[in-house]
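Engineer: structure for the following, please:
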Amino acid sequence: MAKWLATQTMARAGFHRPGSAFAAGRIASASDRLRRGETLYLAGLGPPGTHNSGVALVEVTRAHGPRLLLNNEEERFSGNKHTTEYPAKSIEAMVAALRGMGRDVGDIFAWLTSWDYPALAGTLFRSVLEEAPQSLKLLRSTEAAGFDGRRLDQMTRVPKILARQLGLAERVPLITMPHHDNHAWFSYAASPFADDGEPVAVAVLDGTGDLGSVSLYVVSSGAMQKLYCNHSMFDSLGAFYSVISSTQGGWTWLSSEGRYMGAAAWGDMNRASNRYYARLKAVLQFGDGGELRLNRAMANWYADPFREPYKQSLIDVLGEPLRPEQLWNPDAVLRVEDIKHRPDTRDRLDKAAATQLVFEDAMIHVVDHLLRRTGTQRLVLTGGVALNAVGNMRLLEHFDEAWFARHQQRKARLHLWVPPVPGDPGVTIGAAWLFAHLAGAPRGASMTHAFHCGMPPANDEIEAALKADDVASLRIGDISTSAGLEAIADLMAFMVAQNGVIAIYQGAAETGPRALGHRSILANPCDAKARENLNERVKYREAIRPLAPMATLEAAREYFELLEGAADGDYNAYNYMVLTARSKPHAREKIPAVIHVDGTGRLQIVRKADDPLTYAYLKALGRHIGVEMSVNTSFNVAGPIAQTPQQAIDTLRRSKGLDVVLLVAGDGAVFAAWHGGERDSGRFTGWVSGWRAAR
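Structural biologist: I've put the predicted structure just below:
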């Protein structure tokens with residue numbers, strides 16, 4: 001009833017569900033235009049009210065299918081991490097990019113939202129009724145599970161707000177695309193899996209979608225079929241990890257999960273000896289058909305996720321949860337460096353390990369059912385849960401040749417792919433990709449890189465940002481020629497070989513949560529003190545956070561055990577830091593900065609075709625330090641990754657341990673910026689002089 005009411009009400013406001021007359025008409029028109037050879041432009045919109053708002057621009061042709069032009073994440077432009085605000089700056093930047101192509105807003109054929117809002121309204125209402133009376137508290141909450149109730153009202157006015165921003169006379173009609181279908185189709189279409197007759201299973205594991213939190217699909221012969229949806233917002237693996245990582249680790253949702261995954265490696269990751277694992281496992285009940293169900297006798301986050309998320313039986317296992325006012329308090333946050341002088345730190349790390357182990361059990365339970373049902377060895381994993389890189393590695397290890405021999409009676413092993421944007425920043429892309437599919441477009445090319453957030457900076461943008469009294473700067477080269485590119489790459493490697501810490505700012509930024517060479521801070525992987533230095537003096541973050549290795553394929557093979565199940569597309573699965581790998585025995589001695597306490601690294605393999613400068617830098621490091629590998633961490637300090645040249649300079653100001661930022665303009669010009677005045681250490685100018693003398 002709520003869904004029907006929301007459908008009628010929102011249609012009058014300009015929101016049209018799939019299957020409506022308006023949506024069907026636009027899909028038919030798109031199909032007709034594509035058949036005539038026209039090029040269509042689609043905008044995928046992440047409206048206000050849900051986390052990670054933004055906008056994607058996608059070009060579609062009959063010959064090549066969809067092509068991603070940009071995916072602007074509002075947090076990068078506003079500076080508010082995981083923002084739920086209306087994506088005004090993202091849209092403004094998209095319009096500027098359109099006009100730079102000789103197009104304008106009138107050329108956008110359809111605007112597609114990342115959620116089916118009437119379906120979401122129905123699910124919310126049904127979920128509260130099913131769990132009543134305890135769940136009635138949720139009706140008084142302004143924020144839950146990534147929703148911001150204070151901005152949901154603004155969401156209902158987006159067609160008018162968008163028209164006003166674009167200077168249009170009439171409100172912009174929006175087609176509300178299903179959240180998990182968006183995740184699923186784009187993640188499959190962008191994967192390296194070929195259309196060769198072998199079906200591809202797709203698992204969407206999420207905090208929640210507009211119908212449920214777990215959805216399973218199979219794609220065969222170019223058609224996607226939904227096999228299962230759990231139709232529950234609360235029986236959610238994402239919510240399980242978010243709640244426990246926040247209330248045990250001391251960070252807020254969407255910031256806690258990655259930190260807690262890193263913390264787990266410091267705890268007891270042995271199921272037989274971990275003191276909390278067996279009792280904590282009872283929080284999730286595993287049913288037939290891959291079903292996961294929250295044990296409501298232990299967990300209370302279906303009713304009160306923030307103030308009273310545990311019932312007494314869970315308190316007996318984990319202790320009292322941290323309350324909202326304690327989050328980010330230095331006395332409450334889990335710090336591995338406290339292990340020597342706070343007796344409870346070891347227990348807290350073991351609880352993190354137990355949480356990770358239960359999480360992995362649940363992933364395996366769902367995937368086991370999906371692989372048995374579909375009979376395939378290919379899996380695309382997506383949704384916010386797929387950002388757990390350790391869990392992804394465990395799937396590849398668990399579903400090995402022995403498992404396939406037992407359950408599919410053939411010699412095979414799991415082949416896994418996770419997109420660089422498995423979470424909600426990628427659903428804006430998915431909405432446009434799914435619409436193109438419904439209009440009959442081919443799936444499009446496989447994804448090989450993630451450099452799609454915004455456009456490359458112009459020369460004058462960089463020069464304007466460099467006009468500051470406290471920043472010294474110098475134009476140092478040009479990468480538009482091969483000789484110029486090799487020179488800059490060699491200078492970068494020379495500085496890093498001296499244990500310098502440098503940032504690279506080039507081209508369009510990465511979409512998704514990982515910096516992959518366009519907005520990265522780089523350091524020497526052979527320097528045993530690099531992790532401590534970066535965490536304490538550059539990033540100002542917890543020592544619990546590992547550093548990631550960025551490598552050529554050859555170096556990755558030399559120092560890590562690359563799993564065969566990640567081998568599709570020449571080990572494409574390792575391109576995006578969404579999959580950890582176990583290091584080889586000699587790795588810790590040679591590259592200690594990028595080997596985590598458990599012997600793993602969240603690996604990124606760099607390809608020359610996708611990122612010529614970073615690839616050349618890694619090759620140059622091979623000449624300078626003997627290994628084609630670098631420390632790579634995101635170019636930010638306590639906020640989103642730097643998007644604009646001005647944000648890059650502001651990040652330099654905030655980071656006392658950052659030696660220099662190299663900014664590359666769209667025309668290839670390279671500028672160096674470093675601390676000026678009293679803060680100038682002289683390191684950068686000394687390195688440049690030494691490098692020139694050496695050459």
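
Engineer: count of residues packed around Met1?
Structural biologist: Per other CB atoms under 10 Å, the neighbour tally for Met1 reads 8. From N, CA and C alone the C-beta is placed, and that goes for glycine too.

Engineer: sorry, slip of the keys, the one I care about is Ala548.
Structural biologist: 25.

Engineer: these two touch, right, Val688 and Ile476?
Structural biologist: Yes. Between Val688 and Ile476 a contact is recorded at 7.3 Å, counting by CB atoms under 8 Å.

Engineer: joint contacts of these two?
Structural biologist: Leu491, Ala672 (CB atoms under 8 Å, 6 or more residues apart in numbering).

Engineer: give me the mean pLDDT for stretch 134-152.
Structural biologist: Throughout stretch 134-152, pLDDT has a mean value of 70.

Engineer: endpoint to endpoint, it covers what distance?
Structural biologist: With CA to CA, to the nearest Å as the measure, stretch 134-152 spans 23 Å from end to end.

Engineer: any idea which helix or strand in the chain has the lowest mean pLDDT?
Structural biologist: None of the helices or strands of the chain scores lower by mean pLDDT, DSSP states H and E than strand 143-144, at a mean of 56.

Engineer: moving C-terminal from that one, which element do we reach first?
Structural biologist: strand 147-148 (DSSP states H and E).

Engineer: quick one: list the elements packing against that following strand.
Structural biologist: Using 3 or more CB pairs under 8 Å, 6 or more residues apart in numbering; DSSP states H and E as the contact test, no helix or strand touches strand 147-148.

Engineer: can you tell me what sits against it?
Structural biologist: Contacts for strand 147-148 (CB under 8 Å, 6+ apart): Pro48, Gly49, Thr50, His51, Thr84, Thr142.

Engineer: which of those residues lies closest to Phe435?
Structural biologist: Checking the contacts of strand 147-148 against Phe435 by CB to CB gives Thr50 as the nearest, at 19.0 Å.

Engineer: just the element for Met10, please.
Structural biologist: Secondary structure (DSSP H and E) places Met10 in helix 2-13.

Engineer: that helix - contacts with which helices or strands?
Structural biologist: Against helix 2-13 (3+ CB pairs under 8 Å, 6+ apart) you get helix 117-130.

Engineer: buried set for the helix holding Met10?
Structural biologist: Ala2, Lys3, Ala6, Thr7, Met10, Ala11, Ala13 (16 or more other CB atoms under 10 Å).

Engineer: one more: stretch 346-356?
Structural biologist: Arg346, Arg348, Leu349, Asp350, Lys351, Ala352, Ala353, Ala354, Thr355, Gln356.

Engineer: now do stretch 276-286
Structural biologist: Buried-residue list, stretch 276-286, by 16+ other CB under 10 Å: Tyr276, Tyr277, Leu280, Lys281, Val283, Leu284, Phe286.

Engineer: just the strands in the stretch 101-250 of the chain please.
Structural biologist: With DSSP state E, counting those that start in this stretch applied, the stretch 101-250 of the chain shows strands at 108-113, 143-144, 147-148, 174-176, 200-205, 214-220, 223-229, listed in chain order.

Engineer: run through who's touching stretch 315-325.
Structural biologist: 244, 246-248, 250, 276, 279-280, 298, 306-307, 309-310, 332, 351.

Engineer: with just CA atoms, put that stretch into PDB.
Structural biologist: Extracted in PDB, the C-alpha atoms of stretch 315-325 (Å, rounded to 0.1, in the frame of the first residue of the first chain):
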ATOM      1  CA  ILE A 315      26.500  -7.400  25.500                       C
ATOM      2  CA  ASP A 316      27.500 -10.600  27.300                       C
ATOM      3  CA  VAL A 317      29.700 -11.400  24.300                       C
ATOM      4  CA  LEU A 318      31.100  -8.000  23.200                       C
ATOM      5  CA  GLY A 319      30.500  -5.800  26.200                       C
ATOM      6  CA  GLU A 320      28.600  -2.500  26.200                       C
ATOM      7  CA  PRO A 321      28.500  -0.800  22.800                       C
ATOM      8  CA  LEU A 322      30.100   2.600  22.400                       C
ATOM      9  CA  ARG A 323      27.400   5.300  22.300                       C
ATOM     10  CA  PRO A 324      27.100   7.900  19.500                       C
ATOM     11  CA  GLU A 325      28.700  10.700  21.600                       C
END
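
Engineer: avg pLDDT for it?
Structural biologist: Rounded mean pLDDT across stretch 315-325 is 97.

Engineer: ok, Lys89 touching Glu74?
Structural biologist: Yes. Contact criterion CB under 8 Å: Lys89 and Glu74 qualify, at 6.3 Å.

Engineer: please identify which of the two sits among more neighbours.
Structural biologist: Glu74 (27 against 20).

Engineer: would you confirm that that one contacts Gly54?
Structural biologist: Yes. Here Glu74 reaches Gly54: they are 4.9 Å apart, a contact under CB under 8 Å.

Engineer: joint contacts of the two?
Structural biologist: Counting by CB under 8 Å, 6+ apart, the common neighbours of Glu74 and Gly54 are Gly46, Pro87, Ser90.

Engineer: if I look at the closest residue to the second one other than its chain neighbours, how far off is Pro640?
Structural biologist: What that stands for is Pro87. Using CB to CB, 6 or more residues apart in numbering and skipping residues adjacent in sequence, the residue nearest Pro87 is Glu74, 4.0 Å away. Glu74 sits at a distance of 9 Å from Pro640 (criterion: CB to CB, to the nearest Å).

Engineer: which residues are common contacts for the two?
Structural biologist: With CB under 8 Å, 6+ apart as the test, Glu74 and Pro640 both reach Asn80.

Engineer: tell me the angle of the longest helix along the chain relative to strand 200-205?
Structural biologist: Under DSSP state H, the helix in the chain containing the largest number of residues is helix 344-374. With axes from the mean of the first three to the mean of the last three CA atoms, to 10 degrees as the basis, helix 344-374 and strand 200-205 are set at 140 degrees to each other.

Engineer: next, the angle strand 223-229 makes with helix 344-374.
Structural biologist: In terms of direction (the same axes, to 10 degrees), helix 344-374 departs from strand 223-229 by 130 degrees.

Engineer: for helix 344-374, give the mean pLDDT please.
Structural biologist: Helix 344-374 comes out at a mean pLDDT of 97.

Engineer: any idea how far the following helix or strand past it is from the chain center?
Structural biologist: Using DSSP H and E, the helix or strand that directly follows helix 344-374 along the chain is strand 378-382. When distances are taken as CA atoms, centre = their mean, to the nearest Å, strand 378-382 is centred 15 Å away from the chain's centroid.

Engineer: now do stretch 458-467
Structural biologist: 29 Å.

Engineer: so for it, what gets flagged as buried?
Structural biologist: Applying 16+ other CB under 10 Å to stretch 458-467 flags Glu461, Ile462, Glu463, Ala465, Leu466 as buried.
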